[in-house]
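[1] test case, fold it:
(one chain, ligands or ions: 2)
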Amino acid sequence: MKRAQLGTTVFTAAQISQMVARVATEIQQDYADQISEVIFVGVMKGAYLWMGDLLRAIGGDVQMDYLRVGSYLNDGSTGEVTLLDDLRLDVTGKTVILLDEVIDSGLTLLWLKELLQARGAEAVKIAVAFDKRQTQQVAFPVDYIGASAPNDFLVGYGMDYNDHFRNLSYIATLDLVEV
Ligand SMILES: O=P(O)(O)OC[C@H]1O[C@H](OP(=O)(O)OP(=O)(O)O)[C@H](O)[C@@H]1O
Ligand SMILES: Nc1nc2[nH]cnc2c(=O)[nH]1
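    Ligands and ions are numbered 1, 2, ... in the order given. Sure, this is the predicted structure:
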């Protein structure tokens with residue numbers, strides 16, 4: 001039988017706080033007094049800490065909603081995105097910023113961006129805390145990136161292993177050890 005155990009710390013809570021402050025400033029500068037017209041959409045469950053931290057750092061008056069998707073089972077992607085919970089807000093004619101804590105294959109965010117564009121959003125931007133992509137795919141730009149992360153399976157700051165470890169305020173690798 002295998003047991004999941006935390007490995008190396010990849011980002012500390014202090015490093016994450018600095019990164020949140022920087023991305024919040026970038027978004028504030030881009031939207032200035034239009035910020036209250038933007039709808040921030042958290043991609044749950046993983047985005048819950050990123051969304052809470054980023055929106056508090058942005059401050060002022062913002063609108064938010066969330067949806068829930070799933071594509072990962074244990075520590076691997078199924079390659080298929082499923083919408084488990086939908087938005088309550090109407091995005092027609094709106095600028096939406098999708099918030100996700102990690103981008104890896106990009107499948108989830110590409111699928112969501114196309115979904116919200118098809119619903120008539122005026123613009124769909126993306127803000128991720130951690131980018132695990134090895135090469136920046138030009139065809140799929142990510143507008144705001146907290147930090148580049150190694151292509152390991154990570155947990156913490158919203159990322160889970162079978163729904164464990166999401167609450168860590170730092171990010172670590174996960175080791176599966178034989179017991
Ligand atoms: O770029 P990708 O390869 O698509 O991977 C990124 C997605 O994987 C995780 O979600 P998951 O499907 O595990 O759901 P969760 O947010 O409930 O953990 C994460 O929160 C991203 O949404
Ligand atoms: N928990 C977790 N989910 C992911 N989704 C895409 N990459 C990851 C990862 O490293 N960890």
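
[2] mind naming the longest helix for the protein?
    helix 13-31 (DSSP state H).

[3] could you pull up the mean pLDDT of that one?
    When pLDDT is averaged along helix 13-31, the result is 98.

[4] one more: stretch 114-122?
    97.

[5] name the residues of it that come out as buried.
    Buried residues in stretch 114-122, defined by neighbour count with 16 or more other Cβ atoms under 10 Å: 115-116, 121. For the C-beta atoms, the positions are set from N, CA and C on the backbone; glycine is no exception.

[6] closest one of those residues to Ala4?
    Using Cβ to Cβ, Leu115 comes nearest to Ala4 of these, at 31.9 Å.

[7] give me the number of residues near Gln34?
    Gln34 has 9 neighbours, counted by other Cβ atoms under 10 Å.

[8] with Gln29 instead?
    Gln29, neighbours per other Cβ under 10 Å, totals 8.

[9] who does the helix or strand of the chain with the lowest mean pLDDT touch, helix- and strand-wise?
    Sorted by mean pLDDT, DSSP states H and E, the helices and strands of the chain end with strand 76-85, the least confident at a mean of 81. Applying 3 or more Cβ pairs under 8 Å, 6 or more residues apart in numbering; DSSP states H and E, we find strand 76-85 packed against strand 63-73, helix 107-118.

[10] phi and psi next, for the residue nearest to Tyr48 when sequence neighbours are not counted.
    In space, and not counting its chain neighbours, Tyr48 is closest to Gly158: 5.8 Å by Cβ to Cβ, 6 or more residues apart in numbering. Backbone torsions for Gly158, taken as degrees, to the nearest 10, come to phi 100, psi -20.

[11] ok, Gly158 - contacts?
    Neighbouring residues of Gly158 by Cβ atoms under 8 Å, 6 or more residues apart in numbering: 45-50, 101-102, 129, 166.

[12] separation between it and ligand 1?
    Distance of Gly158 to ligand 1, computed by Cβ to the nearest ligand atom, to the nearest Å: 7 Å.

[13] report pLDDT for that residue.
    98.

[14] verify the stated contact: Phe11 with Val155.
    No. Taking contacts as Cβ atoms under 8 Å, Phe11 lies outside contact range of Val155: 11.6 Å.

[15] what's the overlap in contacts for those two?
    Taking Cβ under 8 Å, 6+ apart as the criterion, Phe11 and Val155 both touch Ile171.
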